[in-house]
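Engineer: this is the structure alone, sequence omitted:
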């Protein structure tokens, strides 16, 4: 008799559940993450202007914006500074449903953002993004939630390839990589400091990594 699947919602996942149910373990460093965050590309004048403009808005509003306002007024424009779109091959998607059966569990949910193959609809995710509530109201486990989405991406990819991620808590950005059963998390990048330029460089480097993987050209 076929065993019934247990449905798990991404928003309910934690690091503890990801370890207990799927055997994922955090390590201090992971070469694929270290390589991503090193030797970052330079920013052009437009990217630098975008970073400076939206950082000023963030600093003025960080304690006033709710989650949606932070997303619309800051996070969205920062991601939009880097063009991840190649029609019919790869795109940035927001709040699109993901679903995957892994072992005896069915993971379901809508990450705040993913970069995936496809154009009108996401196909295979390579990167997952999760925004968390502003710093004074944080609840839950953003790492566990994002890991669950990344695990879906890993299962749908060639599992030998790493999957990337990022979560944001208020002004703080953290980058992640998952390979096999291990994951690592970067230091914090404060978007209210000069780290804002590093954040956009990291996203620009991610674009190069994904375009190289898919053998995409401009």
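Structural biologist: That came through fine. All values reported here derive from a predicted model rather than from experimental measurement.

Engineer: neighbouring contacts of the longest helix anywhere in the chain?
Structural biologist: Identified as the longest helix of the chain according to DSSP state H is helix 195-214. Residues outside helix 195-214 that contact it (Cβ atoms under 8 Å, 6 or more residues apart in numbering): 36-37, 40-43, 47-48, 50-52, 54-55, 78-79, 81-84, 86, 89-90, 115, 117, 126-127, 161, 164, 173, 175, 189, 191, 216-217. (Each C-beta comes from the backbone N, C-alpha and C, glycine too.)

Engineer: so which of these are in strands?
Structural biologist: 90, 115, 117, 126-127, 164, 173, 175, 189 (DSSP state E).

Engineer: from the residues you listed, which single one is nearest residue 147?
Structural biologist: Of all the ones in strands among the contacts of helix 195-214, residue 164 has the smallest distance to residue 147: 11.8 Å, by Cβ to Cβ.

Engineer: where does pLDDT dip in this structure?
Structural biologist: 1-3, 133-139, 218 (pLDDT under 70).

Engineer: which stretches in the chain count as helices?
Structural biologist: 15-22, 31-37, 45-61, 67-70, 76-80, 142-156, 195-214.

Engineer: can you give the distance of the third one from its chain's centre?
Structural biologist: Using Cα atoms, centre = their mean, to the nearest Å, we find the averaged C-alpha position of helix 45-61 to lie 21 Å away from the chain's own average C-alpha position.

Engineer: counting by contacts, list what that helix packs against.
Structural biologist: helix 76-80, helix 195-214 (3 or more Cβ pairs under 8 Å, 6 or more residues apart in numbering; DSSP states H and E).

Engineer: try it again with 6 Å
Structural biologist: Using 3 or more Cβ pairs under 6 Å, 6 or more residues apart in numbering; DSSP states H and E, the elements in contact with helix 45-61 are helix 195-214.

Engineer: next: the second one.
Structural biologist: Other helices and strands packing on helix 31-37, by 3+ Cβ pairs under 6 Å, 6+ apart, are strand 172-179.

Engineer: residues making contact with the strand it packs on?
Structural biologist: 30, 32-33, 150, 154, 162-167, 184-186, 188-190, 199, 202 (Cβ atoms under 6 Å, 6 or more residues apart in numbering).

Engineer: burial check on residue 154, number of neighbours?
Structural biologist: 25 (other Cβ atoms under 10 Å).

Engineer: mind listing what it touches?
Structural biologist: 163, 178.

Engineer: with residue 94 instead?
Structural biologist: residue 113.

Engineer: relative to residue 122, how far out is it?
Structural biologist: 10 Å (Cβ to Cβ, to the nearest Å).

Engineer: cool, and residue 85?
Structural biologist: 12 Å.

Engineer: the more surrounded of those two?
Structural biologist: Each of residue 85 and residue 122 has its neighbours counted (other Cβ under 10 Å); residue 122 has more, 21 against 12.

Engineer: leaving out chain neighbours, which residue sits closest to the more buried one?
Structural biologist: Leaving out its chain neighbours, the residue that sits closest to residue 122 by Cβ to Cβ, 6 or more residues apart in numbering is residue 116, at 3.7 Å.
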